[in-house]
Every structure is written in C-alpha cells, then in structure tokens.
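Undergrad: okay, structure incoming, though there's no sequence with it:
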C-alpha cells in the first residue's frame, strides 16, 4: 500500500499579526507528506526543487518514509518561493512575492518504483501537470484526490475541466466552488460539481469546517475552535494529507470511512495552524493525534432520542 | 413542568431576493413559542400586542398550548412593526422601518399562574425588561436563557452586564460576542463571557452553525446545508425555542443534554428558513422533526479508531 503525492516543495516567507517566519520550507507536497506520513508509509513524493533546498529537510522526510525518486533536483536553479502577509482576521492575505523558479517548466516524471501506488493526491498545480501525472500512472490508482484553486479557473479552465473528469475526489474552498459553478448556494454548487467528474467533493470553509458531498449524502466536519490561529499557511494541504493518509492506511474508500478521514484531516490541520509552517507537524506524536481526535469526538458527538 | 417565554409578538414585512412577504406575524416570542411547543406545553407567553394583532394567530397559539395570561393587549395601539430587506448573500439586511408602537413602554407583568415555571427564556428585549421579568419570578426558574443583541451593547451596556449576572445561558452571535468582549478570537471571547455571569454560552454563527461553551468544554452543531435559505428571519429565535423546548421536555440541564438541545434547535431553525416567517413551523409534524434530526445524525456522526 503506498500513497503518491504530487505538489510543490518550496520556500515561504510568512507575515502574520503575530510575527514573521522568515524563509522557511513550505509547499503543498511538504505539508501533505508531513501530515500523511503519520498514517501511511512509504509516501512517493513527486516534486521539483532547486539546489538551494535544504538537505536536512530531505533527510527528515526520508526518515518519515518519504521516497524522493520522483523529486527532481535542478542544482543550478532556485526553489519555488512565495511571500505573503495575512490580514488581521487571518482569513485573507496579500501575496507579496511569487517566484516560480524551478516550477516554471516543471514536467513531473513518475519513476517505475512508484507504479502500483493505490492512492494518488494531486496538490494544487497547473491542471496540465496534474493530468500528466494521472496519464503516467499505470495501473490507474484506486483513488485519485485533487486540489486546485481559483487561479486555474481564471487561466486554464478548459484543462481544469478535463482533469476533473479523471479524478475521484475534488477539494476546493467555498469561493472556488462558487466560481467553478456560478452557483451561490454551496449545496447547489456541490451538486453541479458532482456532475463534472469527481464522485466525491470536499468543500473547505477554513475556520468554519469542511463539507463532504457524495451522491445525495453530505457530511460536515468542524474546525477545532482554537484560541488563536497563529499561521494558516498549509492548513488546507495538511487537511488533505490527513484525509488521504487515513484512507491509504485503512484501504477503505467508502463514504463512511471518508467521514472519518475528514475528521483526521481536520485534526491534522488544527495542529498545522498553531505554529509557523509545518513546524508543529514535525513535533507531534501519535499520542497527540489520538488526543486531538478525541477532542473532535467530544466536539460533535451527541445522543438523541427522536421526538 | 412549564416554560415561560418573554419576547415580542409583532408584524414583519420582509423582502428577500426570492420575494416579498408583505405584513406577516413575527416577533421573537412568536418564533420561540411555535418551535418550543413541539416539545413542551404549556408555554407561558409574556408579550404585548396592539388591537391590530390577528385573533386567529392567538387562537392558533392557544391551540398549541400557549397560555396568553401574560400577553398584554393594548386595544387602541398598534403592534410592534419591522420591515427589512435582505442582501443577496442573505447574511446581512437593511432595516427599512422600525415602529416600536406598544413596545415603547412595555412593562411585563408575570401573572400568578406563571409562577413556578421551571424554565424561562428571555427573547431579545431591553435588558431592563429582561431583568424585571427575572425579578418577578418567585421561585427563580431552574434555568434562565437569555438572548440579546449588539444594539443593547451600544445603548444599555450597564443594564446588560447586570442582567448577564442573573442568567444561566446566554445566546449571542459571533460578532456580538466579539463586541461584548473586545476579543476577536471566538474562543477567547467565550472564555471572557463565561466570567460575566452565564455558566453556558451559545455563539450562533448562522449558516456556519453554533457553538456551546461551558467551563473548558465546547460543542459544535452545524447548520443543515440547504439548497436555499428562503428567509432567515426568526431563525435565531426558532433555534432558541427548539433548544429550550428540548431542555424543558427532558428536564435535564446537563451539558450533555444541552448538546442534544442545540441539535434540536438547529433542526428547528432549518425548517424556519424554508418559508417566509413562521409559516413552515406551523406546517411541520413530529415525523418531520424526527426525520430532520436523523439528518443531523448523518451529517456529523463518524466512527473513529484512535491512531
């Protein structure tokens, strides 16, 4: 059983009302790997980095069971770099710098050792790159999960719609679901997206939790109410990593098990926002995760006798 | 076992993107009574109406087990009247007309027949009026639930803070919790409010659900994801009515039972928003309520094995 993760491994420079991170390791594939490796190993990483990417980060990931055969190293180039500043409400942010660097002409190559991987998660990237990965994987993974964002709806909608037809689970946030469908109602938007390819749809609402849609079923997972969100960077990718990690661990892709997987994702995301970058994800133990899952049980479980 | 309800019985004129209601019956005490009477009877209504209030509405409420001894009728005056228009997102609205009429000098009088009522809910009104009701009730009810709003924080903060010390459960929305405490974090705001008098705090987040806080415990109830919110007027009062109605029915004011009560409140609110005013609340049966509660079970229940 293995999980293939496609996404960025990059540098972030984050400013929040609580402080500045300076240049730290980030990127969707980093967060997904740190979260998912708590549940499943090996993880087959697919990404691209420059010669400036820290060796100790790669070593740390390898020690977590992350295979690097699919990570291209372009020694004479620089890694993808993003700098941003969060507003006081932490729900919106300004991008200060985006340097694509190695990402500009990223052509992922799936190594033979990754073939047969049963789970594939496509972090937010050009839809063409996501499609290329799907096409290279033979046999097709048992479950393909895809993240995307509004930017690709603006500049690559046609490719995005093609890629949607090839995946099983789509993850977007509420405003992206609205943009993709032209529907203001989240429920109507979800119904439309479920006709566009994915059989399962996760709509992320940040501090307001996440919804899972499948056929006529819906499941809701709250975000853990926290005293403070210190840094939301990577929370969505960490959520995705916890979600797909749980599915890969349990080898069960039923709707019922996806409910649990979303709670696991929410729990992992609740750690992520407590410190800058993936710092907290590096520190937590299996006991921490179990304790947090128990908090989610307490947060939503209730007894009811029907009227 | 009985429940005393204090609040407005009024006329509303509502405009939403879906249409206009024209002048219909509304008011916090109306919604609370329609919701709570599914769970507990009698309901001891405390309010004030003008000679223009429709007799058939009073008859309908009496048929639901609502006692009218505490409802003052001022034959030569007009009932409270509010007109408003919702924005496209249904989360904000403009007040077009507010005519206090009979409400301007409302002095509630608790009739002897209401004494001994074990549950009291104070709908949104001047804090002084809410306090006057508490002071008149002898013995003190077993549980006092209070709703309020930002307007009283602006114009009657001192009275509001005094009233807070006299109640067990406070209900406010997220922005009101922030205003009352000066804390942006909902969790920090909740902790502060729990030092101001109430032992239990419910923070309503509209379409994003509701949180219940008590000591170090927190519980979250989602709103039911709906295709459309047709008219949100009265949803908060309906939620309150379902909440306190369930508590009064079960006579159990433990935190665990309050969790269930919040789900019941959310279920009732999900009916309220489907039609103008309290129309839907008049139509639903016990079977409808049971079916909706089962939807909430499906919406949030999950199985988990700890990591």
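TA: Now that the structure is in, tell me what you want to look at. A quick note: this is a predicted structure, and the numbers were derived from the prediction, not measured.

Undergrad: residue A:257 reaches residue A:250, doesn't it?
TA: Yes: look at residue A:257 against residue A:250 with CB atoms under 8 Å: they come within range, at 5.9 Å. The way it works is simple: take the backbone N, C-alpha and C, and place the C-beta from them, glycine included.

Undergrad: just the pLDDT for residue A:86.
TA: At residue A:86, the pLDDT value in this model is 94.

Undergrad: can you tell me how far it sits from residue A:14?
TA: Spatial separation of residue A:86 from residue A:14 under the definition CB to CB, to the nearest Å is 7 Å.

Undergrad: with residue A:198 instead?
TA: Residue A:198 is 31 Å from residue A:14, by CB to CB.

Undergrad: what parts of the stretch 151-300 of chain A come near chain B?
TA: Neighbours of chain B within the stretch 151-300 of chain A, by CB under 8 Å from any CB of the partner chain: A:184-188, A:205, A:208-209, A:211, A:217-222, A:225-228, A:256, A:259-260, A:262-264, A:286, A:289-290, A:293-294, A:296-300.

Undergrad: got the contact list for residue A:122?
TA: Residues near residue A:122 by CB atoms under 8 Å, 6 or more residues apart in numbering or on different chains: A:6, A:7, A:130, A:133, A:134, A:144, A:145, A:146, A:147, A:167.

Undergrad: can you list those in a markdown table and add neighbour count and secondary structure?
TA: Converted to a markdown table, these look like this (neighbours: other CB atoms under 10 Å in any protein chain shown; DSSP: H, G, I helix; E, B strand; the rest coil):
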| residue | neighbour count | secondary structure |
| --- | --- | --- |
| A:6 | 28 | strand |
| A:7 | 27 | coil |
| A:130 | 29 | helix |
| A:133 | 23 | helix |
| A:134 | 18 | helix |
| A:144 | 23 | strand |
| A:145 | 26 | strand |
| A:146 | 28 | strand |
| A:147 | 27 | strand |
| A:167 | 24 | coil |
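
Undergrad: ok, these vs residue B:236, which is closest?
TA: Proximity to residue B:236 was ranked across the contacts of residue A:122 by CB to CB; first place goes to residue A:147, at 35.2 Å.

Undergrad: report the beta-bridge partners for the closest one.
TA: Taking DSSP bridges, one obtains residue A:171 as the residues bridged to residue A:147.

Undergrad: hang on, the earlier thing: among the residues of the stretch 151-300 of chain A next to chain B, which ones are in strands?
TA: Restricting these to those inside strands, with DSSP state E as the criterion, leaves A:211, A:217, A:218, A:219, A:220, A:221.

Undergrad: what's the neighbour count on the residue of the stretch 51-200 of chain A found nearest chain B?
TA: Closest contact between the stretch 51-200 of chain A and chain B, by CB to the nearest CB, is at residue A:187 (4.9 Å). Using other CB atoms under 10 Å in any protein chain shown, residue A:187 has 16 neighbouring residues.

Undergrad: same check on residue A:288?
TA: When neighbours are counted by other CB under 10 Å, residue A:288 registers 15.

Undergrad: now do residue A:282
TA: Per other CB under 10 Å, the neighbour tally for residue A:282 reads 12.

Undergrad: isn't it up against residue A:33?
TA: No: the criterion here is CB under 8 Å, and residue A:282 misses it with residue A:33 at 11.3 Å.

Undergrad: okay, residue A:306: pLDDT?
TA: Each residue has a pLDDT score; the one for residue A:306 is 62.

Undergrad: if you could redo that for residue A:90, that was the one I meant.
TA: Here, the pLDDT recorded for residue A:90 equals 82.

Undergrad: start and end of stretch A:152-172, how far apart?
TA: Criterion CA to CA, to the nearest Å; first-to-last residue distance in stretch A:152-172 is 12 Å.

Undergrad: and residue A:158, that's in a helix?
TA: Yes: when the secondary structure is assigned by DSSP: H, G, I helix; E, B strand; the rest coil, residue A:158 falls within a helix.

Undergrad: please list all residues in contact with it.
TA: When contacts are counted by CB under 8 Å, 6+ apart, residue A:158 touches no other residue.
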